[in-house]
Structures are given as C-alpha cells and as structure tokens.
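>>> Predicted model and sequence follow; I will ask about them next.
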Amino acid sequence: VQLVESGGGSAQAGGSLRLSCAASGYTYSRYCMAWFRQSSGKEREGVAHIYTGSGNTYYADSVKGRFTISKDNAKNTLYLQKNSLKPEDTAMYYCAAGSVCSSDYRGFPYWGQGTQVTVS
C-alpha cells in the first residue's frame, strides 16, 4: 500500500488549502482513510476520517465546520479541504489507511510521508 500526500504549504489565517492523498495497492473494497496531524511536541491526532463502504465521516471538534474530507473513488484519491485556517492548524498532516476507522493513529497500519501546513 502506498499513500502519497500533496497540497501542503503556507497560508494566511482565514485562508484555505486542499490536501490530496493518492492511494495505491489497497486490495480491499471497503476501508477507512483518514487524515492525522502532528505538531511539534504533541501526539499525532485524528483530524477526519471516511469509511469507503458507507461514506460515513468523522471530524475532530477542532476542525468541525471548517474542514471537509472526501474521496474520489475513480482516482483513488483522498482529499481534505481546509477552510478558515487558524495558526493552531499548523502541523505535519498525514494520510492513513486501514480496515477500521478510528481517531487513534495506532489503528492504522498504512501511512503517507506527510505534508507540512503552516498557517500564519
């Protein structure tokens, strides 16, 4: 399984960014894909996840109403649309995949390399 993130960068507070995660090699038809983030000195935290079988989504309270997770099945690509960015959204963002959805990073066996987002 290979996950490749893109779309990170710098943004002003109040601005927007869209992260992408191109997935390949996953043989299951129903699985969970998620976005996590980790800032310096903090534990990796779940931001949002989506279960491909049902389309059900989950958002951390800190991003609810500002971030939107979606998946393009034809392109096998996961997205995270981030609006109304805040400086506290600054972190390394990671894409993850696994068979069960969870907000705990330890439940995901497959990870991308991460993409840095800086909000000032």
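Sure, I can see it. Residues are numbered from 1 along each chain as shown.
>>> Report the secondary structure state of the residue most central in space within the chain.
Among the residues of the chain, the smallest C-alpha distance to the mean C-alpha position (Cα atoms, centre = their mean) belongs to residue 35, namely 2.0 Å. Using DSSP: H, G, I helix; E, B strand; the rest coil, the structure places residue 35 in strand.
>>> That one: what's it in contact with?
Residues touching residue 35, when contacts are defined by Cβ atoms under 8 Å, 6 or more residues apart in numbering, comprise 19, 21, 46-49, 69, 78, 80, 93-96. For glycine as for every other residue, the C-beta is placed from the backbone atoms N, C-alpha and C.
>>> I'd like those residues laid out as a markdown table, including neighbour count.
Shown next, in a markdown table, are the contacts of residue 35 (neighbours: other Cβ atoms under 10 Å):
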| residue | neighbour count |
| --- | --- |
| 19 | 25 |
| 21 | 25 |
| 46 | 21 |
| 47 | 24 |
| 48 | 23 |
| 49 | 26 |
| 69 | 20 |
| 78 | 27 |
| 80 | 26 |
| 93 | 23 |
| 94 | 23 |
| 95 | 28 |
| 96 | 23 |
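>>> closest to residue 9 among these?
Proximity of these to residue 9, judged by Cβ to Cβ, is greatest for residue 19, which lies at 9.7 Å.
>>> Can you tell me the element the closest one falls in?
Assigned by DSSP states H and E, residue 19 falls within strand 17-24.
>>> Which strands or helices does that strand pack on?
Counting contacts by 3 or more Cβ pairs under 8 Å, 6 or more residues apart in numbering; DSSP states H and E, the secondary-structure elements packed against strand 17-24 are strand 2-6, strand 32-38, strand 77-82, strand 91-98, strand 115-119.
>>> Mind listing what's buried along that strand?
For strand 17-24, a neighbour-count test (16 or more other Cβ atoms under 10 Å) marks 17, 19-23 as buried.
>>> Could I have the CA atoms of that strand written out in PDB?
Extracted in PDB, the C-alpha atoms of strand 17-24 (Å, rounded to 0.1, in the frame of the first residue of the first chain):
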ATOM      1  CA  LEU A  17      -5.700  24.800   1.500                       C
ATOM      2  CA  ARG A  18      -6.600  21.400   0.000                       C
ATOM      3  CA  LEU A  19      -4.600  18.300   0.700                       C
ATOM      4  CA  SER A  20      -4.600  15.300  -1.500                       C
ATOM      5  CA  CYS A  21      -3.600  11.700  -0.900                       C
ATOM      6  CA  ALA A  22      -3.100   9.400  -3.800                       C
ATOM      7  CA  ALA A  23      -3.600   5.700  -2.700                       C
ATOM      8  CA  SER A  24      -2.500   2.600  -4.500                       C
END
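>>> Thanks a lot, see you next time.
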